[in-house]
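Participant: Pasted the sequence and its predicted model underneath.
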Amino acid sequence: MVEAYSIPVTKIERSRLPGVKLENIPFGRTFTDHMLEADYENGEWKNVEIKPYQPLVISPSLAALHYGQAIFEGIKAYKNSAGESFIFRPYDNYKRFNLSAARMEMPAVPEDIFMEGMRQLVALDSNWIPALHDHSLYIRPFMFSSDEMIGVRPSENYKFLIILAPTGPYYSAPMRIYVEEKYTRAAPGGVGQAKAAGNYGSSMYVTAQAKKQGYDQVLWTDVYEHKYVQEIGTMNVFFVIGDTAVTPDLSSGTILAGVTRDSVMTILEEMGLKVEEKPVSVDMLMEAYKAGTLREVFGTGTAATVSLIRELKYKDFVMTFDTAKWTVTPEIKNRLDAIREGHAADKFGWMFKV
């Protein structure tokens, strides 16, 4: 951890927390009392401060609005039974944030601003962390270009912020997933491996079409043949085939390297399952389903944590699963929750004390 970094703090006069019910709170609609803000100007970071959560005043010519130079991260904080606050694997998100920044030709955010700023912000608003099972404080660091001009080029100025949102379960029930075979999320050489805002903006039309058919999300496929699965709109994906957990590999650069994904692979190995990262074709999944060896399908992500998938549809072929009989996915979630909520030893060093 970096040395203590002094960040000016302006506290809100009266907290809004007494009027907020933290039980079963919807994701991403309620925000805490404070936020962190910093500016990149003339080649250096400055104006770093923690202040009351408030609107931003921006110019209509703001470069991010026109050219989409924007990235973000998703991190979660938890409280254990003793009331102590911890953040789950924030260094991994910090590293990934700056990898996204490099791909989008944006400046790296220094560790003291990102990590120490986040720690101080979460500490200040720690009363907003729900001390409830399957609840957490969602942490959203993000950065966007802040030049006030129209012109296609990397900006010279940027704004970095962190905001916080208490949240309950992202998906409350097992999901139905539509395997997309026409539209593409990412191609080799693109920005699929970056957590860029545009990746999500371009997915909304396709996801909306899937929802009209009763599906929750889209499972994207490769750009060339639409035969190899990549990731779901808000999650990485895993398939339990026999005694092996299979997940698409990251070599093509089209899939986000999920922190929860990496954590789940560690837990799967601890449970005694073989884990394989490799190209996963829809044909392979259908064959395993017909043979009765495709046992479980689930998604992983910071917001979604570990989410059960009860149905996959590819063209006219529908794969359905009785999630009530599953053993692997519930055990993964239980073990991950136990570490995050302080009920099990943090043997992997994942929890960062605030």
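Facilitator: Arrived safely. Keep in mind that what you see is a predicted model, and the values were worked out from it rather than measured.

Participant: Any stretches of this structure with poor pLDDT?
Facilitator: 1-4 (pLDDT under 70).

Participant: same thing but 80
Facilitator: Judged by pLDDT under 80, the chain has its weakly predicted residues at 1-5, 172.

Participant: Ramachandran coordinates for the residue located most distally from the centre of it?
Facilitator: Farthest-out residue of the chain from its mean C-alpha position, per C-alpha atoms, centre = their mean: A291, at 33.4 Å. Backbone geometry at A291, expressed as degrees, to the nearest 10, gives phi -80, psi -10.

Participant: Ok, P90 next?
Facilitator: The phi and psi values for P90, taken as degrees, to the nearest 10, are phi -70, psi -30.

Participant: switch to numbering from 388
Facilitator: Understood, numbering begins at 388; the last thing we discussed is P477.

Participant: quick one, what contacts it?
Facilitator: The contact partners of P477, taken as C-beta atoms under 8 Å, 6 or more residues apart in numbering, are I462, M502, M505, I526, F739. C-betas here are computed from N, CA, C, even on glycine.

Participant: Then G579?
Facilitator: Going by C-beta under 8 Å, 6+ apart, G579 touches R572, A573, N586, Q617, S639, G640, T641, I642, L643.

Participant: Isn't the first one up against Q617?
Facilitator: Spelled out, that is R572. Yes - using C-beta atoms under 8 Å, R572 is in contact with Q617, at 6.4 Å.

Participant: any common contacting residues for the two?
Facilitator: Joint contacts of R572 and Q617 (C-beta under 8 Å, 6+ apart) are G579, W607, T641.

Participant: which of these lies closest to V693?
Facilitator: Checking the shared contacts of R572 and Q617 against V693 with C-beta to C-beta, the nearest one is W607 at 19.5 Å.

Participant: how about the nearest residue to that closest one once chain neighbours are set aside, phi and psi?
Facilitator: Spatial nearest neighbour of W607, chain neighbours left out: R572 (4.0 Å); criterion: C-beta to C-beta, 6 or more residues apart in numbering. The phi/psi pair for R572 (degrees, to the nearest 10) reads phi -80, psi -50.

Participant: Please list all residues in contact with R572.
Facilitator: For R572, the contact set (C-beta under 8 Å, 6+ apart) comprises G579, N586, S589, S590, W607, Q617, E618, T641.

Participant: Ok, M673 next?
Facilitator: By C-beta under 8 Å, 6+ apart, M673 lies in contact with Y701, F704, M706.

Participant: and the last one, bridged to which residues?
Facilitator: Right, M706. Beta-bridge pairing of M706 under DSSP bridges involves L699.

Participant: mind listing what it touches?
Facilitator: Applying C-beta under 8 Å, 6+ apart to M706 gives the contacts L672, M673, Y676, L681, V684, E698, L699, K700.

Participant: Adding distance to W713, write those residues out as a markdown table.
Facilitator: Shown next, in a markdown table, are the contacts of M706 (distance: C-beta to C-beta, whole Å):
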| residue | distance to W713 |
| --- | --- |
| L672 | 17 |
| M673 | 20 |
| Y676 | 15 |
| L681 | 12 |
| V684 | 10 |
| E698 | 14 |
| L699 | 15 |
| K700 | 19 |
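
Participant: Nearest to V496 among the residues you listed?
Facilitator: Checking those against V496 by C-beta to C-beta gives V684 as the nearest, at 35.6 Å.

Participant: which element is the closest one on?
Facilitator: Per DSSP states H and E: V684 is located in strand 681-688.

Participant: May I have that strand as PDB, with CA atoms only?
Facilitator: Extracted in PDB, the C-alpha atoms of strand 681-688 (Å, rounded to 0.1, in the frame of the first residue of the first chain):
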ATOM      1  CA  LEU A 681     -23.100 -30.200 -19.500                       C
ATOM      2  CA  ARG A 682     -24.000 -30.000 -15.900                       C
ATOM      3  CA  GLU A 683     -24.000 -26.300 -15.000                       C
ATOM      4  CA  VAL A 684     -23.600 -22.900 -16.700                       C
ATOM      5  CA  PHE A 685     -23.000 -19.700 -14.700                       C
ATOM      6  CA  GLY A 686     -21.700 -16.100 -15.100                       C
ATOM      7  CA  THR A 687     -19.200 -14.200 -13.000                       C
ATOM      8  CA  GLY A 688     -18.700 -10.400 -12.600                       C
END
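
Participant: Relative to that strand, what are the paired strands and their orientations?
Facilitator: Those paired with strand 681-688 in the sheet (DSSP bridges) are strand 623-628 (antiparallel), strand 692-701 (antiparallel).

Participant: Before I go, just wanted to say thanks for your time.
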